[in-house]
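Chemist: what follows is a predicted structure for the sequence shown.
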Amino acid sequence: MNDSSMLSDELHEYWSGIANTFQWRKKWDSLQTGNFDECNVQWFNGARLNITENCLDRHLEKRRHKKALIFEPNNPNEAAIFYTYGELHLSVCRFANLLKSKGVKKGDVVCFYMGMTPELMIGILACARIGAIHTVVFGGFSPQSLRGRLEDSNAKIIITHDGGYRGDKVTPLKSMVDEAIENLSFVETVLVVKRTHTEIQMKQGRDYFYDVLIKECELFCPAVEVEAEDPLFILYTSGSTGKPKGLVHTTAGYMVHVGNSFKDVFQIKENDIFWCTADIGWITGHSYLTYGPLLNGSTTVMFEGVPNYPTPARFWEVIEKHKVTHLYTAPTAIRSLEKFGSDIPESFSMKSLKVLGSVGEPINEEAWQWYHKYVGKERCPIVDTWWQTETGGIMISPIAGVTKLKPAHATLPLIGIVPVLVDEKGREENAMVASGNLCIKYPWPSLARTIYGDHERFKLTYFSTYKGLYFTGDGARRDEDGFYRITGRVDDVINVSGHRIGTAEVEEAINEHLLITESAVVGFPHEIKGQGIYAFVTCNDDLILPEVLIKEIRATVEKVIGPIAKPDVIQIVHSLPKTRSGKIMRRILRKIVENDLGNIGDTSTLLNPECVEDIIKGKKS
Ligand code: PRX
């Protein structure tokens, strides 16, 4: 064992056993090196591989004619599209050749800003085929957000749609790209996949239609051999401070944990049909819509639309149509469908279903029970999977059909994962029943390795709060069975509909409005979204009508970040509660929006204690 490894012999043996089930061009010289303190964790050094050989080529002998991908379009009257493993392999090779023809090489960053169609999945695999690094930007982000991510990642090529379908809306993705890249000289190529036939402008020498170019491309592309620690993708996510960070995942470690956790948690069998409803713009869509299922030779369902279009029966129709055995979705989706009543799912037998999954935010007990009763018909276990963009794969979750179920509990860590709870001082809570901040004690293969271009920030964010531990940013409780219940973020991050949004980011966006002097954003409990965004603002103009200002603020946030970050509630106040050193006391604002007035604490030491009463009076429910 390597000296700098943090792993015990047991963990070492466990992970090498798992890694041995994958296909390598060359195996590793050392299983794991580095540690959290030095922020230099690496896995499988010396190994060489290509992840697409594990996702595609190695299945061809036995599963060439097996369905790899089922694409269900937004419009239920449009035919579903199926790809066998053989067809997916050809499509990925072809797309890889297209990328090569546009000069994309190993190590280059390729940006995807698309709706959910097969070309998105094929495109990211095509990058992996040639060792290029994919970075998918969720199509719901604004052009300004896209621009920020492009500037950070330096992607020279963007792949987009003319427009994207989501429910009854068409998002003009190509013109949003045009806006995002205006005067960004490093962007050389924009590839446009036709989908909505929305009218678009094409810039000669920069913009190309995918369907024209792909016809010219050969059907085989050799897989480029990469090093274990070569980056596979960058994915941006929000933190408590600053702009979104580009988390970098590397090839071998990500593959090993994601492939294995998919198999273990969901207890997948050969003929199962797995449907993860997440968008590929988020980590769940990377790990358990794309890589996890394909690494296991499973059939994965990709859905272009939204849960309530054209009716709130759509999920249940898709399950029956494609005989889905595993449904993996977010509590927000469950709660939004619960709102339409249980009659709708009750009218579908959904006999094919075997396992239900939940991800992205804490699932409340009521939603858990509804999911269990009306969707799973009380016969399907629910796996409440806790993990993060940073962890790459599932960390704490029941094993379907094995772990005792406990509503709203993520239950037990997966083998190889060692969580601990710590108090504010970083002392480990040793008692079984405990609560505290959730940390992970030892490295696991799919831990993100860095923040693209800012390793110091990576170290500071995750490894500096508690010495020798990875800090998740979440709080949790542990019960007498050792079961974990995640209670939510303990930092300035809000989880809106399972999407992570940094309060600082929203404040910065609001402050771009010229009439705003200051703002403070906090999360509040929201019946459907889990958390909603509540913004307190001070304005330097008494004449503007509050309703006009509120509308403008919402539009500003939509423009700067995207519609998902628009505040649900905006309260205009005279001043924000501040300490004598001028720091905004968000803790007080949080208590106010949570209606927890008894716990506001002593306000007499504030610079402006009188404002608290005013804010409470003006609070919008
Ligand atoms: O707060 C936790 C919450 O989502 C955060 C991670 O968000 P993101 O990186 O966008 O990844 C979401 C998909 C994995 C976590 O810090 N979270 C995720 N899953 C759960 C959860 N909270 C409670 N229970 C979960 N099962």
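Modeler: Yes, it's here. Numbers count the residues shown, from 1 in each chain.

Chemist: what sits against the residue of the stretch 451-600 of the chain found nearest the ligand?
Modeler: Minimum separation of the stretch 451-600 of the chain from the ligand (C-beta to the nearest ligand atom) falls at Ile486, amounting to 3.6 Å. Where C-beta positions appear, they are placed from N, C-alpha and C, glycine not excepted. For Ile486, the contact set (C-beta atoms under 8 Å, 6 or more residues apart in numbering) comprises 362, 386, 396, 410, 438, 474-476.

Chemist: name the element it belongs to?
Modeler: Applying DSSP states H and E as the criterion places Ile486 in strand 484-489.

Chemist: list the buried residues of that strand.
Modeler: Neighbour-count burial for strand 484-489, counted by 16 or more other C-beta atoms under 10 Å, picks out 484-486, 488-489.

Chemist: which one of these is nearest to Thr391?
Modeler: Lowest distance from Thr391 to those (C-beta to C-beta) belongs to Ile486, with 12.6 Å.

Chemist: could you pull up phi and psi at Tyr113?
Modeler: Tyr113 adopts backbone torsions of phi -140, psi 90, taken as degrees, to the nearest 10.

Chemist: try Thr241
Modeler: phi -130, psi 160.

Chemist: ok so Glu270 is a helix residue?
Modeler: No: under DSSP: H, G, I helix; E, B strand; the rest coil, Glu270 falls outside any helix and is assigned coil.

Chemist: what sits closest to it if chain neighbours are left out?
Modeler: Of all residues not flanking Glu270 in the chain, Gly297 sits nearest, at 7.7 Å (C-beta to C-beta, 6 or more residues apart in numbering).

Chemist: test my guess that the one you found contacts Lys62.
Modeler: Yes: Gly297 lies in contact with Lys62 (C-beta atoms under 8 Å); the separation is 7.5 Å.

Chemist: what residues sit buried inside stretch 220-229?
Modeler: 221, 223-224, 226-229.

Chemist: any idea whether the residue nearest to Glu270 is helix, strand or coil?
Modeler: Per three-state DSSP, Gly297 ends up coil.

Chemist: in CSV, list the buried residues of strand 484-489 along with pLDDT.
Modeler: Shown next, in CSV, are those (pLDDT from 0 to 100):
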residue, pLDDT
Tyr484, 98
Arg485, 97
Ile486, 96
Gly488, 92
Arg489, 93
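
Chemist: ok, Gly139 to His372 distance?
Modeler: Noted for Gly139: a distance of 32 Å to His372, by C-beta to C-beta, to the nearest Å.

Chemist: and the stretch 351-500 of the chain, which residues reach the ligand?
Modeler: Residues of the stretch 351-500 of the chain lying close to the ligand (C-beta under 6 Å from any ligand atom) are 358-362, 384-389, 410, 472-474, 486, 488-489, 495, 500.

Chemist: still on that earlier bit, by contact count, what packs against the helix or strand just after the strand holding Ile486?
Modeler: Counting by DSSP H and E, the element after strand 484-489 in chain order, helix or strand, is strand 493-496. Packing partners of strand 493-496 (3 or more C-beta pairs under 8 Å, 6 or more residues apart in numbering; DSSP states H and E): strand 499-502, strand 516-526, strand 530-539.

Chemist: mind putting those strands into JSON lines with mean pLDDT and mean neighbour count?
Modeler: Below are the helices and strands packed on strand 493-496 laid out as JSON lines (pLDDT from 0 to 100; neighbours: other C-beta atoms under 10 Å):
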{"stretch": "strand 499-502", "mean pLDDT": "94", "mean neighbour count": "23"}
{"stretch": "strand 516-526", "mean pLDDT": "96", "mean neighbour count": "20"}
{"stretch": "strand 530-539", "mean pLDDT": "96", "mean neighbour count": "23"}
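
Chemist: what's the closest of these to Phe262?
Modeler: strand 499-502 (22.0 Å).

Chemist: contacting residues for Leu69?
Modeler: 82-83, 88, 118, 121, 299-302.

Chemist: cutoff 7 Å now
Modeler: 83, 88, 118, 121, 300, 302 (C-beta atoms under 7 Å, 6 or more residues apart in numbering).

Chemist: quick one: pLDDT of it?
Modeler: pLDDT recorded at Leu69 is 99.

Chemist: can you list the neighbours in contact with stretch 204-213?
Modeler: Against stretch 204-213 from outside (C-beta under 7 Å, 6+ apart): 98, 119, 188-194.

Chemist: narrow these to those that are buried.
Modeler: 98, 119, 189-194.

Chemist: which residues of the stretch 101-250 of the chain lie near the ligand?
Modeler: Residues of the stretch 101-250 of the chain lying near the ligand (C-beta under 6 Å from any ligand atom): Thr237.

Chemist: can you show me the helices along the stretch 101-250 of the chain?
Modeler: Using DSSP state H, counting those that start in this stretch, the helices of the stretch 101-250 of the chain run over residues 118-130, 143-153, 173-180, 210-214.
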